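Chemist: Coordinates for the following, if possible.
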Amino acid sequence: MTDALMRFSRAHFREMTVVFLLAVAGLGLALRLTLGAPAWPEGAAAAPVERVVLLHGLARSDRSMRPLAKQLAEAGFEVTNLDYPSTSKGPEELTRMIDRVIEQCCVDESSPVHFVAHSLGGILVRAYLAERRPANLGRVVMLAPPNRGSEIVDLLGDSWLFEKIFGPTATQLGTSQESLPNRIGPPTYELGVIAGNKVLNPLGAWLLSGQHDGTVSIDSAKLEGMSSFLVLPENHSFIMNDPEVAAEVIHFLRNGRFKGESSPVSGQP
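Modeler: Prediction:
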């Protein structure tokens, strides 16, 4: 074989090798685009996914929390939207229901479990965590909670019709020291509270004084020991559906404070 032919053969071999390698690389890229590249290098452990448990308010259902659940899921959280019979069971039975849900969904201690609750749901979370705090507890956000009791329950709670409609737990939500919210001690976990000051409920506008959301006053929403507090122009019934509220919830779960809070709270009501 002549030198020229040998040089041609070597050059041709190199070109064919390059073409082959490019073809293999292209095939690998096509497979990655088609099948999806692995999220983590081989042998590396995936980061634990944080879970959020949602609890709706009095006389509502999990449907009321679905817009917030969707935004939390889009932010990367695993979401458990708990539905519970708020108007037919007492607080002890309802907190046991929460306990059963946590046992089923959130026992992996490598991943934190957060709580986001609306109104009565926040009081039930407080009651549950006071007795059965999970080892992997993360942060808690309450939306319009009657943390110091409801003045409306003070006025209407003794009525048989009120209990008939709203159930045995609702009658325990007054402002006295013996009421359910005031029997529970201060939080020993990171707690953010968002209150509203927009009124749609005409009964609340007539019964409540000061700033309130039509059902719960801003003063009642505050809780000694809370980490962050924020007031937004939202009404009680639909505060959980507002995109700004969802953004603040996500920010607190990730950072331990609300983005819109001008300065850290003292923790005092």
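Chemist: For the rest of this, base every contact and every neighbour count on C-alpha atoms.
Modeler: Fine.
Chemist: any idea how far His236 is from Asn147?
Modeler: Distance, His236 to Asn147, by C-alpha to C-alpha, to the nearest Å: 14 Å.
Chemist: I misspoke; the intended subject was Pro181.
Modeler: 6 Å.
Chemist: Now the common contact residues for the two.
Modeler: Ile123 (C-alpha atoms under 8 Å, 6 or more residues apart in numbering).
Chemist: who has more neighbours, these two?
Modeler: Asn147 (30 against 26; other C-alpha atoms under 10 Å).
Chemist: and the residue lying closest to Ser61 once chain neighbours are set aside, what are its phi and psi?
Modeler: Once flanking residues are discounted, Ser61 sits nearest to Asp83: 5.7 Å by C-alpha to C-alpha, 6 or more residues apart in numbering. Main-chain torsions, Asp83, degrees, to the nearest 10: phi -100, psi 130.
Chemist: List the contacts of Asp83.
Modeler: So Asp83 contacts Leu55, His56, Ser61, Asp62 (C-alpha under 8 Å, 6+ apart).
Chemist: Let me know the helix or strand that the nearest residue to Arg183 once chain neighbours are set aside is in.
Modeler: Nearest residue to Arg183, sequence neighbours excluded (C-alpha to C-alpha, 6+ apart): Gln177, at 6.7 Å. For Gln177, there is no host helix or strand (DSSP states H and E).
Chemist: cool, and Val79?
Modeler: Val79 belongs to strand 78-82, assigned by DSSP H and E.
Chemist: Let me know the next secondary structure element after that strand.
Modeler: Downstream of strand 78-82 (by DSSP H and E), the next one is helix 91-105.
Chemist: quick check: angle from that next one to strand 78-82?
Modeler: 150 degrees (axes from the mean of the first three to the mean of the last three C-alpha atoms, to 10 degrees).
Chemist: partners of whichever helix or strand comes after helix 91-105, with directions?
Modeler: For helix 91-105, the following helix or strand on the C-terminal side (DSSP H and E) is strand 113-118. Using DSSP bridges, strand 113-118 pairs in its sheet with strand 51-55 (parallel), strand 137-143 (parallel).
Chemist: okay, those strands in JSON lines with mean neighbour count next?
Modeler: Shown next, in JSON lines, are these (neighbours: other C-alpha atoms under 10 Å):
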{"stretch": "strand 51-55", "mean neighbour count": "24"}
{"stretch": "strand 137-143", "mean neighbour count": "24"}
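Chemist: Ile218: which of those strands is closest?
Modeler: Judged by C-alpha to C-alpha, the one of the strands paired with strand 113-118 that comes nearest to Ile218 is strand 137-143, at 11.1 Å.
Chemist: can I get the CA coordinates of the closest one in PDB?
Modeler: Backbone C-alpha positions of strand 137-143 (Å, rounded to 0.1, in the frame of the first residue of the first chain) are rendered in PDB as follows:
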ATOM      1  CA  LEU A 137     -42.900  19.400  61.100                       C
ATOM      2  CA  GLY A 138     -42.000  22.300  58.800                       C
ATOM      3  CA  ARG A 139     -43.800  25.600  58.900                       C
ATOM      4  CA  VAL A 140     -47.500  26.600  59.400                       C
ATOM      5  CA  VAL A 141     -49.500  29.300  57.700                       C
ATOM      6  CA  MET A 142     -53.000  30.300  58.900                       C
ATOM      7  CA  LEU A 143     -55.400  32.400  56.700                       C
END
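Chemist: Thanks a lot, see you next time.
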